[in-house]
Structure formats: C-alpha cells, structure tokens
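Engineer: The following comprises the amino acid sequence and a computationally predicted model.
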Amino acid sequence: MAVLQQLYADHLRTVRERHDLVLAEHGFDHVVIYAGEQRYMFLDDMPYPFKVNPHFKAWVPVVDNPHCFLIYTPGQKPQLIYWQPIDYWHKPAETPSGFWVEHFDVHIIPNPEDAQQYFPTNGRTAVISEYDSQGNPEALMHHLHFLRAWKTEYEIECMRRANELGARGHRAAEKAFRAGESEYEIHLAYLRAASSTEEELPYGNIIALNEHASVLHYYQHDRERIDPTRRHSFLIDAGAQFNGYASDITRTYSKDEDEFAQLIGAMDAMQQAIVAEVKPGVNYPDLHLLAHRKVAQILKDFEFVKELDADGIVQTRISSAFLPHGVGHFIGLQVHDVGGFMADKSGKMIAKPEGHPYLRLTRVVEPTHVFTIEPGLYFIEPLLADLAKADAAKHVNWEKVDRFRKFGGIRIEDDIAVTQNGHENLTRDAFARVS
Ligand code: GLY
Ligand code: MN
Ligand code: MN
C-alpha cells in the first residue's frame with residue numbers, strides 16, 4: 001500500500017491540475033461532482049446495483065457509496081461529502097480510512113439533503129452529475145474527457161492489479177472448463193478466484209461454450225453441463241476492478257488438440273504481432289486495419305477462403321464478416337473509457353475509417369494511453385448468411401466454414417499501456433505473475 005499511497009498523491013496532484021486548468025479555461029470557480037443516487041426498481045424497495053459516476057471515482061477510490069459529493073475550488077483542499085446514514089435496515093458505508101483520506105476535508109452527512117450546506121455560494125460552479133440537466137457543461141466535459149486519455153502512474157498501477165485479479169479468474173475458469181463444468185459453474189469459479197461479486201465486475205462476464213462464442217455480448221450463463229462429445233470450445237471475456245479501474249481480458253480455448261486449437265494459436269500469434277506494433281506515434285486505426293489483413297491471411301492459410309489473397313479478402317469485405325468489431329478501445333475508469341475519438345480538447349472528432357463503424361478509438365497512440373487489443377475471428381450465423389448472398393460468397397469454402405460453426409469463434413484480448421518507447425502488456429504480465 002505504501003507504493004499506492006505515493007502514486008495516489010501524485011495522481012491527485014494531476015487530477016487537481018487538470019481541474020485547475022479546465023475550470024479556468026471554461027470560466028468556472030468551483031466543481032461539484034455527484035457520485036450518484038441509489039436507484040430503486042419500479043414500485044419496489046429493491047435497489048439496483050449502484051454504479052458510481054466515473055468523474056467522482058477519478059478523485060477518490062469510493063465506488064460503493066451513493067449520495068456523496070466531491071467539491072473542489074482551485075487552491076483549496078478538496079472536500080468529500082460522505083453519506084453515512086444512521087440505519088438499522090442496511091449497513092452504512094464505513095467511515096473513510098486509508099491512504100487517500102488525508103488529502104480531503106471529509107464531511108459526514110447522515111441525510112442526502114445535508115450535502116447542500118457545503119455547496120459553493122459564490123462564483124460559477126460546474127456541476128458534474130448524471131442527473132443534473134443544468135450541469136455537465138459541454139465544453140468543460142469535452143476537455144476533461146480529452147485529458148482522461150493520459151493515465152497517471154497510479155491509474156496504470158490500479159489496472160495492473162485489476163489485470164492480476166482478472167488473470168486469477170481466467171486461470172480458474174479454464175480449469176473449470178477442462179473439468180466439464182457448465183457456463184454458470186465456470187462463472188462462479190471465475191468470481192471466486194477474482195475475488196469479485198457480480199456487481200463489482202466492470203462488465204458482465206461473457207462465458208461462452210461452443211456456438212455461444214459467436215454472440216459477441218453473450219451474457220447468459222447456461223446451467224447445463226455439456227457432455228464431452230458435444231463440448232468443443234470456450235470463449236471467456238471477463239475482467240475485474242481495482243479501486244474503480246477496469247481490466248478487460250478475453251481468452252479462447254479448444255477442448256481438443258484439433259484444428260480449432262491451431263486456429264486459436266494463429267490468432268494468439270497475430271494478436272501478439274499487433275501488440276508488438278504499439279508505440280507512441282502509431283495511428284490506432286492502422287492497428288485495426290492491420291488486424292483485418294492478419295485475419296484475412298489466417299482465413300487464407302486455413303483455407304476458409306479460396307483464390308483471393310489477404311488484400312482481396314479485405315477488399316471484398318469477407319474479413320468483416322469474420323471480424324465484425326473494432327480491434328480495441330480505451331480502458332480506465334470505464335471499461336470503454338471516454339475520449340477515444342477526440343481530436344482535441346474541443347470535442348472535435350476523428351472519423352473512423354470507412355466501412356469500420358464499430359471501431360471505438362481513432363486517436364494517435366501516446367505514452368500513458370491504455371487500450372485493449374482484441375482481434376477476433378467468429379462464425380456468426382447472420383453475418384455468414386449475408387456473406388452467402390453476396391458476390392464474394394463464391395470465394396468462401398463453405399464446407400469448411402460449416403464444420404467450424406460449432407466452435408463459435410475466437411477472441412484474444414489484452415490491456416496495453418503505452419510507454420515512452422513502446423508498451424507494457426498489463427494482461428500477459430499479470431498472467432505470468434499468477435501462474
Ligand atoms: N468486454 C467488452 C469488450 O471487450 O469491449
Ligand atoms: Mn474490450
Ligand atoms: Mn472484453
């Protein structure tokens with residue numbers, strides 16, 4: 001924790017400096033950031049899982065307590081308005097403690113209404129809240145979101161730890177798959193090993209056996225075990241959070257040492273070849289286009305496509321039927337972190353390459369950016385049905401494609417932090433530490 005304490009102090013200095021700059025530039029004297037309120041189900045007293053405002057957790061590692069506020073006036077110590085009800089129905093939040101508390105004036109409030117007495121009464125206040133229609137000044141938000149792309153050392157350390165938790169979960173999940181467990185059982189094994197509740201995950205676990213792997217966001221957890229003769233493959237996309245920072249990790253396994261296992265090996269090698277390209281100055285969309293060329297080459301090498309070379313497979317959009325998502329996205333306080341398209345602090349956007357509508361990151365790579373690299377190759381029924389009707393269908397080896405539908409597909413996903421000269425693979429390093 002000593003390391004984290006020092007890193008956090010530096011992080012907070014950066015967060016303060018960013019707010020000093022942004023408030024001054026947009027004509028504000030204070031910022032008030034609302035953590036968010038507890039929402040309830042319609043006609044019920046059952047709460048939804050609380051998901052904190054990412055702007056709030058950028059300041060304080062408090063992710064599970066609604067009705068709190070962060071109030072900051074440049075030049076002054078930030079104030080944390082901390083909700084701690086007197087309640088015998090629920091367990092109130094613990095009194096704040098730990099390495100970060102000394103940096104704040106903490107005011108405990110028993111009732112949400114009590115927060116108002118601390119709000120600034122002079123000058124102009126920028127309010128950042130998911131509820132306040134008067135708040136979230138657009139230009140100020142763009143500027144803060146643009147700056148979020150450069151992670152502090154503390155943030156990268158939190159993501160190292162989030163990757164380590166995720167890697168532990170992934171190891172246990174693979175073991176559960178090899179033991180023949182159901183998707184639901186694998187999910188439980190993951191949660192236990194990653195030391196997470198379902199609500200603490202940065203996104204819903206994707207635990208997909210067989211053709212379920214072809215559903216990009218498959219969130220069901222089938223309860224039934226599949227007998228060994230019908231169990232072929234396993235795709236798991238699952239992360240974890242540490243102090244509010246996410247990891248986002250995908251691995252794919254074949255049950256047998258078969259051709260699908262070789263295809264996974266080829267995808268793993270190509271993913272690492274793309275990661276090897278990551279360094280400052282690279283245009284991220286070029287990595288996406290590189291993924292298409294590499295998937296095309298694999299489609300050719302494994303004889304899913306005949307006659308055409310890799311360029312032809314990309315040009316005829318055959319590769320898009322097998323890889324229909326972006327090769328990655330920023331990650332940080334949010335698993336799909338903000339600012340991926342921003343050309344500058346004004347909110348001007350950098351367009352996606354034509355024909356690639358699902359790419360979420362179009363910026364040039366810079367030191368301390370953190371993003372995923374997650375190429376895939378899938379056998380997706382509706383996309384293959386469209387391809388079968390297209391002119392390019394004549395180039396496809398349908399007999400072979402049909403034999404692979406039962407495997408669903410492959411995705412390999414790591415989280416990459418950009419360094420001064422290259423990159424750090426937060427995910428592979430984490431797997432190496434836990435094995
Ligand atoms: N797990 C969500 C994603 O990979 O983007
Ligand atoms: Mn991802
Ligand atoms: Mn993912």
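Structural biologist: Nice, I can see it. Ligands and ions are numbered 1, 2, ... in the order given.

Engineer: Tell me how far the residue most central in space within the chain lies from residue 245.
Structural biologist: Per C-alpha atoms, centre = their mean, the C-alpha nearest to the average position across the chain is that of residue 335, at 2.2 Å. Using C-beta to C-beta, to the nearest Å, residue 335 is found at 10 Å from residue 245. Using the backbone N, CA and C atoms, a C-beta is placed for each residue, glycine as well.

Engineer: ditto for residue 102
Structural biologist: 21 Å.

Engineer: Wait, a strand at residue 127?
Structural biologist: Yes. Under DSSP: H, G, I helix; E, B strand; the rest coil, residue 127 sits within a strand.

Engineer: can you list residues touching both of residue 335 and residue 245?
Structural biologist: Common contact partners of residue 335 and residue 245 (C-beta atoms under 8 Å, 6 or more residues apart in numbering): none.

Engineer: Okay, now the unreliable bits of the stretch 101-250 of the chain?
Structural biologist: By pLDDT under 70, the stretch 101-250 of the chain has no low-scoring segment.

Engineer: What residues does it have near ligand 2?
Structural biologist: Neighbours of ligand 2 within the stretch 101-250 of the chain, by C-beta under 5 Å from the ion: residue 248.

Engineer: Show me what from the stretch 101-250 of the chain comes close to ligand 1.
Structural biologist: 203, 237, 248 (C-beta under 6 Å from any ligand atom).

Engineer: coming back round to it: quick one: secondary structure of the residue nearest to the centre of the chain?
Structural biologist: coil.

Engineer: tell me the contacts of it?
Structural biologist: Applying C-beta under 8 Å, 6+ apart to residue 335 gives the contacts 202, 203, 239, 246, 248.

Engineer: out of the residues of the stretch 101-250 of the chain next to ligand 1, who has the most neighbours?
Structural biologist: Greatest neighbour count in those, by other C-beta atoms under 10 Å, goes to residue 248: 26 neighbours.

Engineer: Residue 207 falls within a strand, correct?
Structural biologist: Yes. Assigned with three-state DSSP, residue 207 falls within a strand.

Engineer: Would you mind naming the residues that bridge with it?
Structural biologist: residue 236 (DSSP bridges).

Engineer: Report how many residues lie close to it.
Structural biologist: A count of nearby residues for residue 207, using other C-beta under 10 Å, gives 30.

Engineer: Name the secondary structure element that contains the nearest residue to residue 302 once chain neighbours are set aside.
Structural biologist: Nearest non-adjacent residue to residue 302, counting by C-beta to C-beta, 6 or more residues apart in numbering: residue 263, 6.0 Å away. Following DSSP states H and E, the helix or strand that holds residue 263 is helix 259-276.

Engineer: wait, does the top helix by length along the chain contact ligand 3?
Structural biologist: Longest helix in the chain, counting residues (DSSP state H): helix 153-178. No. Judged by C-beta under 5 Å from the ion, helix 153-178 and ligand 3 are separated, with a smallest distance of 10.0 Å.
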